[in-house]
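Asker: Return a 3D structure for these sequence lines:
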Amino acid sequence: MTNTFLDSIKVRRSIYALDKNVSLSQNEIEEIIKEAVKLSPSSFNSQSSRAVILFGESHDKLWNITEETLRGIVPAENFASTEEKIASFRAGYGTVLFFEDTEVIEGLQENFALYADNFPIWSEQSTGIAQHSVWVALANAGIGASLQHYNPLIDDAVQAEFDLPESWNLRAQMPFGNIVAEAGEKEFIDDEKRFRTFK
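Answerer: This next block holds a predicted model:
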């Protein structure tokens with residue numbers, strides 16, 4: 001069976017060995033990210049996902065913030081591995097920050113009270129889809145990425161540094177760049193443990 005979509009998502013992997021030697025321009029990368037987020041579905045077509053795209057010094061600032069935040073939490077004797085990990089993200093070409101706009105979610109809760117409890121859940125699903133869409137789109141452009149979650153530890157500092165609306169709730173960080181080392185073989189659990197089909 002040939003399925004171009006499945007072929008496309010097979011390319012997406014968690015890539016940690018990155019550098020800045022990408023062949024695409026910043027504008028081209030920005031357009032890929034914007035289109036991927038815009039085309040991602042959301043409940044009630046709420047379009048609650050927000051993305052902040054960081055290049056250059058802004059990208060470095062994010063990972064400096066993250067490193068300094070973690071330095072205050074991780075014991076000094078264990079910090080070397082944390083520092084190395086953050087350095088690997090900083091070595092990339094850029095980062096996408098994914099947010100959900102709580103103002104949109106709260107508006108939906110007011111306007112559709114019957115579903116009020118579900119909108120935060122659907123918001124998490126929306127951001128997950130947007131993250132996957134961007135990840136796959138970057139992978140298909142030959143750009144490696146991984147998904148990180150240093151929120152909520154870095155939320156306040158990120159909001160202040162980049163002057164973002166208070167209603168934007170940070171959900172994930174995606175460092176990206178040129179692939180220095182490919183991911184290893186991906187293993188899957190047996191289908192019998194994951195799927196059931198009834199006819």
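Asker: So which residues of this protein form strands?
Answerer: For the chain, the strands defined by DSSP state E cover 18-19, 49-55, 94-101, 144-145, 168-179.
Asker: and those strands as JSON lines, adding mean neighbour count, mean pLDDT and distance to Ser81?
Answerer: Glycine gets a C-beta too; all of them are placed from N, C-alpha and C. Below are the strands of the chain laid out as JSON lines (neighbours: other Cβ atoms under 10 Å; pLDDT from 0 to 100; distance: least, Cβ to Cβ, whole Å):
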{"stretch": "strand 18-19", "mean neighbour count": "20", "mean pLDDT": "98", "distance to Ser81": "18"}
{"stretch": "strand 49-55", "mean neighbour count": "19", "mean pLDDT": "98", "distance to Ser81": "24"}
{"stretch": "strand 94-101", "mean neighbour count": "23", "mean pLDDT": "98", "distance to Ser81": "20"}
{"stretch": "strand 144-145", "mean neighbour count": "28", "mean pLDDT": "98", "distance to Ser81": "21"}
{"stretch": "strand 168-179", "mean neighbour count": "22", "mean pLDDT": "98", "distance to Ser81": "17"}
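Asker: To Ile154, which of those strands lies closest?
Answerer: Evaluated over those, closeness to Ile154 peaks at strand 168-179, with 7.4 Å, by Cβ to Cβ.
Asker: hang on, the earlier thing: which one of the strands of the chain lies nearest to Gln159?
Answerer: Across the strands of the chain, Gln159 has its closest neighbour in strand 168-179 (7.3 Å, Cβ to Cβ).
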